[in-house]
Structures are given as structure tokens and as C-alpha cells.
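J.: Below: sequence and its predicted model.
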Amino acid sequence: MGIFKTLDERREFFKGDKFATDADMYIEDATDEYCICAVNLSEKHQNAYGGVMGGAIFTLADFAFAAFSNNLHHPTVAQQVSINYLSAARGDKLIAKATMIREGRTTMIVNVDVYDNTKRHIAKFIGTGFKL
């Protein structure tokens, strides 16, 4: 069983991720096997061209990575991450799902796929978490 016993306990702890929560990102669902975070898009998530800013997509993926990995081992910090932007968002909501690729003694590799609510694949984020 993970660190957080309930979804509400996990949500309460991650209210402390002020950058993400101030951008209206939230934990939608979570288990020991995955974590889904989401954001309802608004003008504050737009870039100068009217699309979703890459930093907003990255922040959502990083938030899902943190909410997932810190449930398995607390504290875990990002050691290395990469993101590939695959497509422009067309919907009005982004959803990020974090799952485990590999868990080792001191590190873990986490996959995060970001979709919009039209099921368009927006980004792939791979993160290495270091267990403190």
C-alpha cells in the first residue's frame, strides 16, 4: 500500500504544490498503480498564439509524476525528466496519467501520458525519480 491511505489525503498533501494548484491543476483519481491529474484550460494557460503553453503541459505532467511517485516512496524528487510534445491540444481540458515503468532500490522510472478531453495525445513525459 502507498504512503497516502485515501485520495483525499493525497489531494490535501499536494495542495502544497502551489505552482500547479495556482494554475488550477488537481488530482482527479489515483491508486497505487496510477495517478491522473487534470486541468480545465483557460486563458491563463495560453501562449501568445492562443495555444496551450508548453510550460502548462509540462507542469501538469510533472504534477502527475510527483503525486504518483511520492505515494510509492516519500520523498521522491525528479532526477531527470524529458518531454516530447506530440500535438496541439484541441479540447478544453488536459489529463495526465502517470504509471510505473520500473522501480528500483533508489530510483524509479515513471511514464506520464498527457491527453486532451478529445483523446488527442498531447505529450509523453518520462521521469526518473530519486528516492531520498
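T.: Yes, it's here.
J.: Mind pulling the model confidence for residue 10?
T.: On the pLDDT scale, residue 10 is placed at 97.
J.: wait, what's in contact with it?
T.: Residue 10 sits next to 4, 27, 30, 67, 71 when contact means CB atoms under 8 Å, 6 or more residues apart in numbering. C-beta here means a position set from N, CA and C on the backbone, and glycine is covered the same way.
J.: Looking at those residues, spot the one nearest residue 38.
T.: residue 27 (8.2 Å; CB to CB).
J.: which element is the closest one on?
T.: strand 25-30 (DSSP states H and E).
J.: what does residue 10 give?
T.: Secondary structure assignment for residue 10, by DSSP H and E: helix 7-14.
J.: Which positions in that helix come out as buried?
T.: Judged by neighbour count (16 or more other CB atoms under 10 Å), helix 7-14 contains these buried residues: 10, 11, 13, 14.
J.: I'd guessed the third one sits against residue 2; true?
T.: By that I understand residue 13. No. Contact between residue 13 and residue 2 fails when scored by CB atoms under 8 Å: they sit 11.6 Å apart.
J.: At which residues are the strands of this protein located?
T.: In the chain, the segments counted as strands under DSSP state E are 25-30, 34-40, 76-85, 93-103, 107-116, 121-131.
J.: Quick check: which of those is nearest to residue 54?
T.: Comparison of those against residue 54 by CB to CB identifies strand 76-85 as nearest, at 6.2 Å.
J.: neighbouring strands for that closest one, and are they parallel or not?
T.: With DSSP bridges as the test, strand 76-85 is paired with strand 121-131 (antiparallel).
J.: would you list the buried residues of helix 7-14 in JSON lines and tack on distance to residue 76?
T.: Below are the buried residues of helix 7-14 laid out as JSON lines (distance: CB to CB, whole Å):
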{"residue": "10", "distance to residue 76": "14"}
{"residue": "11", "distance to residue 76": "18"}
{"residue": "13", "distance to residue 76": "13"}
{"residue": "14", "distance to residue 76": "13"}
